[in-house]
Every structure is written in C-alpha cells, then in structure tokens.
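Engineer: Need the 3D shape of this:
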Amino acid sequence: MADSIVKLAPSILAADFLHLGDQVSQAVQAGADRLHVDVMDGHFVPNISMGPLVVKALRPVVHVPLEVHLMIEQPMRYLDAFAEAGADSLLVHVEGGVNLHRTVQHIKALGKKAGVVLNPATPSSAIDEILCDVDLVLVMTVNPGFGGQKFIASTLDKIGRIRRAIEQSKRTIELEVDGGIDAETAPSAVAAGANVLVSGSAIFGAADGIASAMNRLRNACLPIVPS
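Structural biologist: Residues are numbered from 1 along each chain as shown. Below is the predicted model:
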C-alpha cells in the first residue's frame with residue numbers, strides 16, 4: 001500500500017448531540033484526521049439522522065476535513081446544499097440507482113472530493129468503471145443505517161480486492177472502512193488494505209474517554225503490515 005499511514009475519521013453519529021461541540025473538539029484535539037458525517041433519510045436506510053445544518057454549524061469551529069456520507073435517495077438533489085454548508089468530501093452509494101458518473105462529476109465540479117460507497121453485499125466489480133474518477137472508496141463493514149453493529153468479517157476479501165485495483169490504477173485513492181471498527185477489528189481491516197478508519201461507538205462511547213479510545217485504535221494498527 002502506497003500510503004501506510006492509517007487515518008482516523010470519528011463518526012459523529014455516535015456522539016452525544018447534547019455536547020456535540022465539546023465531543024468533536026476532543027476528537028480533533030486527539031488527532032482526528034477528519035470527521036465523518038452520516039446522513040440518513042429514512043428511505044435508503046431505515047433511520048433518519050442529520051442534514052446540511054449540522055455541517056454548517058460544525059464548519060466554523062472544526063479545522064479538519066468534514067466528509068459527508070450520503071445514505072439517501074436521490075443524492076444529486078442535496079450535493080449543492082452540503083457543499084455550500086462546508087463539506088470537504090461527498091460520498092455516495094453505488095446502490096442508490098443514480099447515474100454514478102454524473103454524480104461524481106458534479107461533486108468534482110463543486111470543488112469537493114468524491115467518494116463511492118459499497119454495501120457489504122455489493123461486489124467490488126461495481127466500481128470498476130468509476131474507480132479512476134474518484135478520490136476515495138468506502139467499504140461498509142456493516143449494513144448501513146445504525147451505529148454499534150458487529151463487523152462483518154467477510155468484507156475483508158473485498159477490501160483486499162479493491163486495494164489491489166487501486167494499486168493497479170497507479171492513482172492516489174483512499175480506501176476507507178466503516179462499521180464495527182474498534183481496536184479488535186481495525187488491524188484486520190488495515191491488513192486487508194484500508195488506510196482510513198471510520199469509528200463511532202468505539203470512540204464516542206468509550207468509558208475511558210475519546211482521546212484514550214482514539215489512541216487505542218491508532219496503536220492497535222501500528223504493527224500491521226498491509227498485504
């Protein structure tokens with residue numbers, strides 16, 4: 001893997017929204033490389049979360065990139081709003097029945113980084129024709145919609161296949177994983193080829209605090225030599 005540095009992207013879906021500003025600040029101070037914003041519409045996934053107003057509220061006080069994961073139907077309708085709110089990258093699912101190439105090109109036209117997301121049952125081949133147009137691939141390691149789920153180990157083979165495809169492309173494309181990521185599961189994901197870890201419950205729900213949880217997650221991946 002060309003970039004052996006593992007990046008952490010705490011998912012604010014698992015944060016205490018009564019103290020969101022404080023919790024986000026703690027994550028950033030503890031070395032978060034970016035913040036992951038899960039957007040759900042109750043249609044594409046069976047849950048409803050947050051919208052552009054949350055991104056807009058975070059933007060003035062957060063100086064790390066904000067990546068917006070759009071688990072919604074018709075994401076094209078909302079790309080401009082999230083871009084204007086201050087998102088740095090916009091991630092869309094391949095399963096949403098969208099014109100994926102047009103969507104990715106629109107994200108880039110907005111001056112944002114473009115990412116594509118695959119659900120656990122979606123094969124890696126689904127992104128063969130779009131891989132060279134994106135900045136990031138996100139592999140869901142749980143079924144999207146809720147935090148706190150168990151890591152699906154069978155996704156590791158897919159992570160490895162996508163890592164090899166990225167290496168063959170000769171492009172700088174990040175490979176991110178999201179779902180059930182903690183100090184126990186993260187090493188396997190990194191060994192398979194991931195270089196960005198989204199983690200929510202393991203960070204914001206840790207009994208010993210956000211900083212300790214992030215250090216534990218980072219340290220768990222230190223001895224890993226990706227395949």
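Engineer: tell me what the helix of greatest length in the chain is packed against?
Structural biologist: In the chain, with assignment by DSSP state H, the single longest helix is helix 155-169. For helix 155-169, the helices and strands in contact under the criterion 3 or more C-beta pairs under 8 Å, 6 or more residues apart in numbering; DSSP states H and E are strand 136-140, strand 174-178, helix 186-192. For every residue, glycine as well, the C-beta is placed using N, CA and C.
Engineer: Now do the first one against strand 174-178, angle only.
Structural biologist: Computed by axes from the mean of the first three to the mean of the last three C-alpha atoms, to 10 degrees, the angle separating strand 136-140 from strand 174-178 equals 20 degrees.
Engineer: counting contacts, what elements does strand 136-140 pack onto?
Structural biologist: Applying 3+ C-beta pairs under 8 Å, 6+ apart, one finds that strand 136-140 contacts strand 89-93, strand 113-118, helix 155-169, strand 174-178.
Engineer: how near is residue 180 to residue 40?
Structural biologist: Relative to residue 40, residue 180 is positioned 17 Å away (C-beta to C-beta, to the nearest Å).
Engineer: May I see the helices and strands packed on strand 136-140 organised as TSV, with mean neighbour count and distance to residue 186 added?
Structural biologist: Output for those, formatted as TSV (neighbours: other C-beta atoms under 10 Å; distance: least, C-beta to C-beta, whole Å):
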stretch	mean neighbour count	distance to residue 186
strand 89-93	25	20
strand 113-118	22	19
helix 155-169	18	12
strand 174-178	25	8
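Engineer: Adding mean pLDDT and distance to residue 63, write the ones you listed out as a markdown table.
Structural biologist: Compiled in a markdown table, the helices and strands packed on strand 136-140 are given as follows (pLDDT from 0 to 100; distance: least, C-beta to C-beta, whole Å):
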| stretch | mean pLDDT | distance to residue 63 |
| --- | --- | --- |
| strand 89-93 | 97 | 15 |
| strand 113-118 | 98 | 17 |
| helix 155-169 | 97 | 28 |
| strand 174-178 | 98 | 20 |
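Engineer: out of the ones you listed, which comes closest to residue 128?
Structural biologist: When the helices and strands packed on strand 136-140 are compared by C-beta to C-beta, helix 155-169 sits nearest residue 128, at 7.5 Å.
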